[in-house]
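Peer 1: Okay, sequence plus prediction incoming.
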Amino acid sequence: MQRIFSGIQPTGVPTLGNYLGALRNWVALQDGHDCIYCVVDLHAITEWQDPAGLTRQTREMAAVLLACGIDPHQHIVFLQSSVRAHAQLAWIFNCVARIGWLNRMTQFKDKAGKNRENASAGLYVYPNLMAADILAYHATRVPVGDDQRQHLELANDIAQKFNHDYGVEFFPNIEPLILGPAARVMSLRDGTKKMSKSDPSDQSRINLNDDPDTIALKIRRAKTDPEPLPFEPAGLEARPEARNLVGIYAALANTDQAGVLREHGGKGFGAFKDALAALIIDSLRPIAAETNRLLADPAHVDAVLRDGAERAAAIADPIVAETERLVGFIRVG
Ligand code: TYM
């Protein structure tokens with residue numbers, strides 16, 4: 001059975017983008033894979049997080065994963081900071097990855113912005129930690145949204161360079177799984193920007209815990225153009241906002257753009273937005289209800305995470321110990 005690894009940062013309430021680009025696929029892939037899903041709190045602090053907020057958001061994110069339908073008994077759900085192997089392997093990878101490779105990462109450029117000199121060193125080496133997350137488990141398939149593609153290419157570069165430098169075939173090749181018609185959900189205010197939990201405008205995104213009225217209002221206010229919907233996907237070219245809404249609809253209705261346009265082509269956005277809002281509300285309602293139910297018993301969520309961390313460490317520790325042996329470290333303990 002192939003091993004799957006993926007992670008999500010607890011830097012805010014997960015968005016519809018996280019759900020359609022990642023979480024929904026994580027759930028579906030449980031059938032036929034061994035899955036390891038991680039709330040990546042070490043990654044979260046590459047940008048300042050208020051400690052109490054981080055604690056709360058981390059537990060909420062874990063609850064959301066369970067509420068979406070991840071089975072923590074059949075698979076593994078845990079927090080990155082509770083398995084030391086991630087930080088240990090990341091250090092070795094800091095010494096394998098080249099500065100030139102990191103300089104090409106578009107996410108670092110976006111996040112650091114104009115004030116690069118003031119970005120944390122952690123933000124710069126963020127992709128090395130991501131490579132460690134995956135490779136500490138010898139995972140081979142990684143379901144992510146389209147924005148993580150470049151990071152996974154870098155992880156493969158690191159794995160190959162390690163194997164080459166130490167003359168081994170130790171780390172496997174990683175296959176990104178970028179699935180479905182909503183692998184890149186865009187902001188509701190700007191169809192050229194990705195929907196993000198850290199966007200300053202709450203109107204730009206649907207949060208998984210938004211109530212039905214909020215969802216309906218955000219969709220009604222979503223930016224669109226004045227034309228009716230086309231009848232064919234080709235008609236969505238150069239219409240990023242229309243394409244985004246059609247993609248969201250397609251993902252939630254388990255169809256593709258062509259299927260949505262067969263049903264809604266020719267309609268104006270007023271009618272289409274009503275149908276879309278209803279679909280989003282119906283899809284998210286059970287997740288929000290289950291998340292709230294789980295959060296009423298935080299000790300249960302923590303127990304699930306403790307069990308997950310133990311089982312994760314049992315896989316990662318021997319792989320990292322072997323990596324250290326290959327590097328030439330003496331183990332005296
Ligand atoms: P993060 O927390 O930004 O996002 C979690 C997952 O959601 C996907 N995603 C989206 N998909 C479609 N449209 C969007 N607008 C959208 N926004 C986010 C992301 O692609 C991601 O799959 N670096 C990662 C977390 C990570 C990780 C890993 C992932 C850490 N270690 C190892 C895979 C393997 C991140 O910041 O995700």
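Peer 2: Thanks, I have the structure now.

Peer 1: can you count the residues close to whatever residue of the stretch 51-200 of the chain ends up closest to the ligand?
Peer 2: For the stretch 51-200 of the chain, the residue closest to the ligand is Gly145, as judged by Cβ to the nearest ligand atom, at 2.3 Å. In this view, the C-beta of every residue, glycine as well, is placed from N, C-alpha and C. Gly145: 22 surrounding residues under other Cβ atoms under 10 Å.

Peer 1: The helix or strand hosting Ala216 packs against which elements?
Peer 2: Ala216 is part of helix 212-221 when elements are defined by DSSP states H and E. If you count contacts as 3 or more Cβ pairs under 8 Å, 6 or more residues apart in numbering; DSSP states H and E, helix 212-221 packs onto helix 269-295.

Peer 1: so for the helix it packs on, what's the average pLDDT?
Peer 2: The average pLDDT within helix 269-295 is 97.

Peer 1: circling back to that earlier point, quick one, what contacts the closest residue to the residue of the stretch 51-200 of the chain closest to the ligand other than its chain neighbours?
Peer 2: Nearest residue to Gly145, sequence neighbours excluded (Cβ to Cβ, 6 or more residues apart in numbering): Gly21, at 2.8 Å. For Gly21, the contacting residues are 144-147, 180, 182-185, by Cβ atoms under 8 Å, 6 or more residues apart in numbering.

Peer 1: of those residues, buried ones?
Peer 2: 144-145, 147, 180, 182-185 (16 or more other Cβ atoms under 10 Å).

Peer 1: Just put those in TSV and tack on pLDDT and secondary structure.
Peer 2: Putting the buried ones among the contacts of Gly21 into TSV (pLDDT from 0 to 100; DSSP: H, G, I helix; E, B strand; the rest coil) gives the following:
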residue	pLDDT	secondary structure
Val144	98	coil
Gly145	96	coil
Asp147	96	helix
Gly180	92	coil
Ala182	94	coil
Ala183	95	coil
Arg184	97	coil
Val185	98	coil
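
Peer 1: Widest-spaced pair of those residues?
Peer 2: Asp147 and Gly180 (14.3 Å; Cβ to Cβ).

Peer 1: Ala309 against Arg84, yeah?
Peer 2: No: applying Cβ atoms under 8 Å as the test, Ala309 and Arg84 come out as separate, 10.0 Å apart.

Peer 1: Would you mind telling me which of these two has more residues around it?
Peer 2: Each of Ala309 and Arg84 has its neighbours counted (other Cβ under 10 Å); Ala309 has more, 20 against 13.

Peer 1: That concludes my questions; thank you for your assistance.
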